[in-house]
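Chemist: please work out how this folds:
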Amino acid sequence: MAGYVLIVESDPELQRRIGDALREGRYELASEAEAKWAQRSIAVRAPDAVIVDTQLSDGDGFRLAEELRRDPDTRDAPIFFIASSHRGARSSSVSTNGTPHWPFHASTLWSRLSTLRGLGISSSAATS
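Modeler: This next block holds a predicted model:
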C-alpha cells in the first residue's frame, strides 16, 4: 500500500470517484461524509493524508482542517481541499497542500500525494 488516506466528502458520487482514483494508485482508504464521522475515524487511526470537501453537510472542511492542525496525531498530515466547480472555496489560514478542482485526473492526485511524507505510488500504478 502507498499510504492511508481519509476522504471526507459529502457528495456520494464524488466520494466514490475520488476513492476509485486513489485505489488505482494502491492507497488504503477510509471515507466519511461528515466532519463528525471523520473525527471518529481519525481517533481510531490517524491518516497519512486527508482529502476534504470545502462544504460538508455538518460544517465546512476548513474547520475540520483547523482541528486536524491542532491535533498532534494529524498536525503534519497533508490536507487537500476538494472544491467542486459548482461550489466556491473560501480562503483559509490553514496550511494545506492544494485545492484540486473537480474534475481532475487521478495521476494529478497521485503526484501530489506521492511527493508528501513518503506516500509514493508504484510505477505500475502511475502508468495504468
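
Chemist: quick one: the helices in this protein?
Modeler: Assigned by DSSP state H, the chain shows helices spanning 12-24, 35-44, 61-70, 106-114, 123-127.

Chemist: would you turn those into CSV with distance to Asp76?
Modeler: Where C-beta positions appear, they are placed from N, C-alpha and C, glycine not excepted. Compiled in CSV, the helices of the chain are given as follows (distance: least, CB to CB, whole Å):
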stretch, distance to Asp76
helix 12-24, 20
helix 35-44, 13
helix 61-70, 9
helix 106-114, 14
helix 123-127, 24
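
Chemist: dump these to a markdown table, plus mean neighbour count, mean pLDDT and distance to Ala83.
Modeler: Below are those laid out as a markdown table (neighbours: other CB atoms under 10 Å; pLDDT from 0 to 100; distance: least, CB to CB, whole Å):
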| stretch | mean neighbour count | mean pLDDT | distance to Ala83 |
| --- | --- | --- | --- |
| helix 12-24 | 16 | 86 | 11 |
| helix 35-44 | 16 | 95 | 16 |
| helix 61-70 | 20 | 92 | 9 |
| helix 106-114 | 19 | 62 | 14 |
| helix 123-127 | 12 | 31 | 25 |
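
Chemist: out of those, flag the one nearest Leu6.
Modeler: Across those, Leu6 has its closest neighbour in helix 35-44 (6.2 Å, CB to CB).

Chemist: alpha carbons of the closest one, as CSV, please.
Modeler: Taking C-alpha atoms only, helix 35-44 is exported to CSV below (Å, rounded to 0.1, in the frame of the first residue of the first chain):
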residue,chain,number,x,y,z
ALA,A,35,-16.8,16.0,9.8
LYS,A,36,-18.1,14.3,13.0
TRP,A,37,-17.6,10.9,11.4
ALA,A,38,-14.2,11.9,10.1
GLN,A,39,-13.1,12.9,13.6
ARG,A,40,-14.3,9.5,14.9
SER,A,41,-12.4,7.7,12.2
ILE,A,42,-9.2,9.7,12.9
ALA,A,43,-9.5,8.9,16.6
VAL,A,44,-9.2,5.2,15.6
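
Chemist: list the contacts of that helix.
Modeler: If you take CB atoms under 8 Å, 6 or more residues apart in numbering as the criterion, helix 35-44 is touched by 6, 8, 30, 32, 50, 52, 56, 58-59, 61, 63-64, 67-68, 71, 73-74.
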